[in-house]
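Trainee: With the sequence up front, the predicted model follows.
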Amino acid sequence: MEMRAKEAIPIGQDLTPPIPPLSLCLHHSTLLSHCSSCFSPLPPPPSLHYPPLFSPKNPNSNHFIRYCSLQCSSLDSLIHFSSSEFHFFHLFPQPLYTNFPTSSDLRLSLRLLHRFQTLHLIQESNGSLLNLERIGGLMTNFRKVIFLEEHCNYNDDDDLSGRIRDGAKTLAASRRMCVGLETNGEYTVEAAVLCLVLTNAVEVHDKDGRSLGVGVYDVPFSWVNHSCSPNASYRFCTASDSGGISECRICPAATETGAAGIESESFNSNPELQKSMSVIGGSETCGPKIILRSIKGINKSEEVLITYTDLLLPKVMRQSELGSKYGFSCCCKRCRAMPTTYIDHRLQEILILNFDCSNMASGDDFYEDHVMEKLMDCLNDAIDDFLSCNDPKSCCEKLEILLTLDHVNVLLKPNGEKLHRLFRLHPLHHVSLHAYMTLASAYKVSVSELLALDPEGDEHQTEAFNMSRTSAAYALLLAGATQHLLESESSLIVPVSNFWTTAGETLLSLVRSSVWKLLSMGRHIEEFSFSSYQICGKCTLLDRFRYKFADCHDENAEFADVTSQFLSCVTDTTPKIWDFLTEEGGYLKVVEDSITFRWLGSRMPSFSHFATHATSPSADKTDSGLEAEDNHNEIRVKLFLLGIHCLIYGAFLSTVCFGPNSPLMSKVESLLSVEGILNS
């Protein structure tokens, strides 16, 4: 099934009212920090000697879930016991550390299966494969996953069907334990519902973007298909959220004939499907609801599409993830494009340095599995140092090497001759983008750790300031690189909005540093007053922000105008402060322009020109911002204004994706109020 627009819809419009969940389930890591019914955060328990807040009454003292109120407990605790989730916890008190399916997927399946049985949507005695292909209007992909039909692209090394069977046996054991029966080896229904969960469930996020759990939502959302170039996104809302549209602007599409009409003949002529949908719709749970929103202009009768995967991954990796998780190969316009789209070409591009004819080679000609494995191993090893080993310094060193050094790949010719190829990552390669993201965060954490050792020491403060500059440079580089890709793939708007906001925050943090006084070398330096500077005399971004970008009758034209004004300002400002941000050298010295990327051309600059910067951070500083004392205030003001521009543009993109009351908009509004900008 698919969903299409009832009318022409411009960019940045809600497509649906809040859609209720059919079932929700917290991740194991959030069970004790959030309410299992409404997903709201809970205060920490006053003492481990006291039972969890509003725990369900049960003679057994081992409680695994908590509620924020008696109302939530009354709504959810019966489901907790009746669905066998309680018994699942006793069989598996520790989380199942598997990639797919997870403990959350299994518990969500138990809850959803209980709901289906309560509504008489499935009968275990009639559990034929035909009846289990669709439950309550939702596709299960049961036959594809379990029996691995020929058109499925599963690898032997990734036995999804085996993991589904193991998960289904676990569900069956929990359910039979609930009623006091021995396991009889039958788990067909459990396998079908688990397949449904893996096909339809989405990660449920809080307002800060943190994943709290998983949920399956009603048909208007679950029938929306995937594309690697989607025209819609979604957001979550709670009972306290207000506003939004009251009528759905999308509906089931005609699928039998492939016509562009809106009403589906197959749906209207299928009373069983209509009945199951009318029965299942609407949930009594009070958990987060979901709202679809346009991120591109959508024509009348055009299919509404979202993404199931990371759009900053190249085609081969997206297809692999979609095949392993959902059992299909994407055939969207971006994936079918021949030659490869600009964004996919850049995301997988490898620079071959010892070609006879050229220094640049297409990623398609050199995209070999062992090369990518080597690069991904280096990236993951560095990220593991940061996240698991709590060693951001080691992470930064490894990623700088990954980005800067040439790599060697040995190819074996048919005649047995070994060919040594030197290659390097393209600055827009997906590994490069993930490295920028990690470096911006790792340098920031390194600053905090360094200042914690000796917050008053001048030497530590100066070193921390230098790392803050590097963190800001990588945050700005990431935002600029993805903005460049956004020009060819506008569906990247969601991550790009976050990247610009992060860049703005990092720049403002650098502006606030107390080290600026140390850089004056004893000379008087003016006290910096944020509120004394207007944001810009060349654009209207601040005025539009004050009104939350609301006074506009043509959303598509508004988006183009705001983007044009923003790029005009940052393109002018960034080159004036880039040398200051990248003074410590290393990989950043290769980047001539972090916004336009016109400097890439057809060849990459040589790293040898910057060898002294990469190996000796203190070398050649005669023209640097640190030595030019008279320019301190000028540089600081430019950093400040650039940071404000980044914040406001990130907030604007966020309103397009999530509406004028998006959490990111509120966050930026709070930051600008602190800086005095909104009061100036």
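Mentor: Nice, I can see it. What you see is a predicted model, and the numbers here were worked out from it, not measured in a lab.

Trainee: CA only for contacts and neighbour counts going forward, please
Mentor: Noted.

Trainee: give me the element Val408 is part of.
Mentor: strand 407-412 (DSSP states H and E).

Trainee: Could you check how far Arg598 is from His484?
Mentor: 10 Å (C-alpha to C-alpha, to the nearest Å).

Trainee: Show me which of those two is the more surrounded one.
Mentor: His484 (19 against 11; other C-alpha atoms under 10 Å).

Trainee: Tell me where the stretch 501-650 of the chain has helices.
Mentor: In the stretch 501-650 of the chain, the segments counted as helices under DSSP state H, counting those that start in this stretch are 515-518, 541-546, 555-581, 611-615, 632-658.

Trainee: Specify the stretch among those that is closest to Thr506.
Mentor: Proximity to Thr506 (C-alpha to C-alpha) singles out helix 632-658 among the helices of the stretch 501-650 of the chain, at 7.7 Å.

Trainee: Who are the packing partners of the helix or strand following that closest one?
Mentor: Heading C-terminal from helix 632-658, the first helix or strand you meet, by DSSP H and E, is helix 663-675. For helix 663-675, the helices and strands in contact under the criterion 3 or more C-alpha pairs under 8 Å, 6 or more residues apart in numbering; DSSP states H and E are helix 632-658.

Trainee: Give the buried residues for the helix it packs on.
Mentor: The neighbour-count check on helix 632-658 (16 or more other C-alpha atoms under 10 Å) flags 632, 635-658 as buried.

Trainee: and the angle for that helix with helix 663-675?
Mentor: 150 degrees (axes from the mean of the first three to the mean of the last three C-alpha atoms, to 10 degrees).

Trainee: For Ser161, find the nearest of the helices of the stretch 501-650 of the chain.
Mentor: helix 632-658 (35.8 Å).

Trainee: Please compute how far the closest one lies from its chain's middle.
Mentor: 21 Å (C-alpha atoms, centre = their mean, to the nearest Å).

Trainee: what's the average pLDDT for that helix?
Mentor: Computed over helix 632-658, the mean pLDDT rounds to 90.

Trainee: Name the residues of stretch 161-172 that are buried.
Mentor: Residues of stretch 161-172 classed as buried by neighbour count (16+ other C-alpha under 10 Å): 161, 164-165, 167-172.

Trainee: got the contact list for the residue nearest to Tyr67 when sequence neighbours are not counted?
Mentor: Nearest residue to Tyr67 in three dimensions, chain neighbours excluded: Cys35, at 4.4 Å (C-alpha to C-alpha, 6 or more residues apart in numbering). For Cys35, the contacting residues are 41-42, 65-68, 72, by C-alpha atoms under 8 Å, 6 or more residues apart in numbering.

Trainee: Check the gap between Cys35 and Ile65 for me.
Mentor: 8 Å.

Trainee: Where does the prediction get shaky in the stretch 201-350 of the chain?
Mentor: 242-243, 254-285 (pLDDT under 70).

Trainee: What segments of the protein are strands?
Mentor: 3-5, 21-26, 134-135, 138-139, 202-205, 211-217, 225-226, 232-237, 250-252, 289-294, 305-306, 350-352, 407-412, 418-425 (DSSP state E).

Trainee: got the contact list for Phe64?
Mentor: By C-alpha under 8 Å, 6+ apart, the contact list for Phe64 reads 31-32, 86, 89.

Trainee: now Leu542
Mentor: Shown in contact with Leu542 (C-alpha under 8 Å, 6+ apart): 535, 648.

Trainee: confidence score at it?
Mentor: Per-residue confidence (pLDDT) for Leu542: 86.

Trainee: Where is the longest helix in this protein?
Mentor: helix 458-486 (DSSP state H).

Trainee: buried stuff in that one?
Mentor: Result for helix 458-486 [16+ other C-alpha under 10 Å]: buried residues 460-462, 464-486.

Trainee: now the contacts of Cys35 in a markdown table, with neighbour count, pLDDT and distance to Arg336?
Mentor: Listed next are these as a markdown table, based on neighbours: other C-alpha atoms under 10 Å; pLDDT from 0 to 100; distance: C-alpha to C-alpha, whole Å:
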| residue | neighbour count | pLDDT | distance to Arg336 |
| --- | --- | --- | --- |
| Pro41 | 16 | 92 | 43 |
| Leu42 | 16 | 91 | 47 |
| Ile65 | 25 | 87 | 46 |
| Arg66 | 23 | 90 | 48 |
| Tyr67 | 29 | 91 | 48 |
| Cys68 | 20 | 89 | 48 |
| Cys72 | 20 | 90 | 47 |
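
Trainee: And the residues you listed, which is closest to Ile290?
Mentor: Nearest member of these to Ile290, counting by C-alpha to C-alpha, is Pro41, at 18.2 Å.

Trainee: and that closest one, bridged to which residues?
Mentor: When bridges are called by DSSP bridges, Pro41 pairs up with His34.

Trainee: Kindly provide the distance from it to Cys35.
Mentor: 6 Å.

Trainee: now swap in Asp105 and tell me
Mentor: Distance from Asp105 to Cys35, counting by C-alpha to C-alpha: 18 Å.

Trainee: One more: Val408?
Mentor: Using C-alpha to C-alpha, Val408 is found at 52 Å from Cys35.

Trainee: cool, and Leu402?
Mentor: With distances taken as C-alpha to C-alpha, Leu402 is found 43 Å from Cys35.

Trainee: how long is stretch 385-394 from one end to the other?
Mentor: Terminal-residue distance, stretch 385-394 (C-alpha to C-alpha): 7 Å.

Trainee: Contacts made by that stretch with the rest, please.
Mentor: Here stretch 385-394 has contacts from 382, 395, 442-443, 445-446, using C-alpha under 8 Å, 6+ apart.

Trainee: mind running it again at 10 Å?
Mentor: 380-384, 395-396, 398, 400, 438-439, 441-447, 449 (C-alpha atoms under 10 Å, 6 or more residues apart in numbering).

Trainee: Return a PyMOL selection command for the buried portion of those.
Mentor: In PyMOL, a selection of the buried entries from the contacts of stretch 385-394 looks like this (16+ other C-alpha under 10 Å):
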select buried, resi 382+383+384+395+396+398+400+438+439+441+442+443+444+445+446+447
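
Trainee: The contacts of stretch 385-394 in helices, which ones?
Mentor: 380-384, 395-396, 398, 400, 438-439, 441-447, 449.

Trainee: before we move on, back to that, which residues are in contact with both of Pro41 and Cys35?
Mentor: 67-68.

Trainee: Ranking the strands of the chain by mean neighbour count, which comes first?
Mentor: With neighbours defined by mean count of other C-alpha atoms under 10 Å, none of these is more surrounded on average than strand 21-26, at a mean of 26.

Trainee: And Ile535, how far from Arg163?
Mentor: 55 Å.

Trainee: How about Gln71?
Mentor: Following C-alpha to C-alpha, the distance that separates Gln71 from Arg163 is 37 Å.

Trainee: What about Asp579, how many residues nearby?
Mentor: Around Asp579 there are 19 residues (other C-alpha under 10 Å).

Trainee: now it: how far from Ser594?
Mentor: Asp579 is 11 Å from Ser594, where distance means C-alpha to C-alpha.

Trainee: With Ser488 instead?
Mentor: 17 Å.

Trainee: Can you find the helix or strand in the chain with the smallest mean pLDDT?
Mentor: Across the helices and strands of the chain, mean pLDDT, DSSP states H and E gives its lowest value to helix 611-615, namely a mean of 35.

Trainee: how about Arg165, what does it touch?
Mentor: Contacts of Arg165 (C-alpha under 10 Å, 6+ apart): 145-146, 171, 187-188, 190-192, 194-195.

Trainee: could you redo the last one with a cut-off of 6 Å?
Mentor: By C-alpha atoms under 6 Å, 6 or more residues apart in numbering, the contact list for Arg165 is empty.

Trainee: Could you check what's spatially nearest to Leu194, not counting adjacent residues?
Mentor: That would be Ser109: by C-alpha to C-alpha, 6+ apart, it lies 5.4 Å from Leu194.
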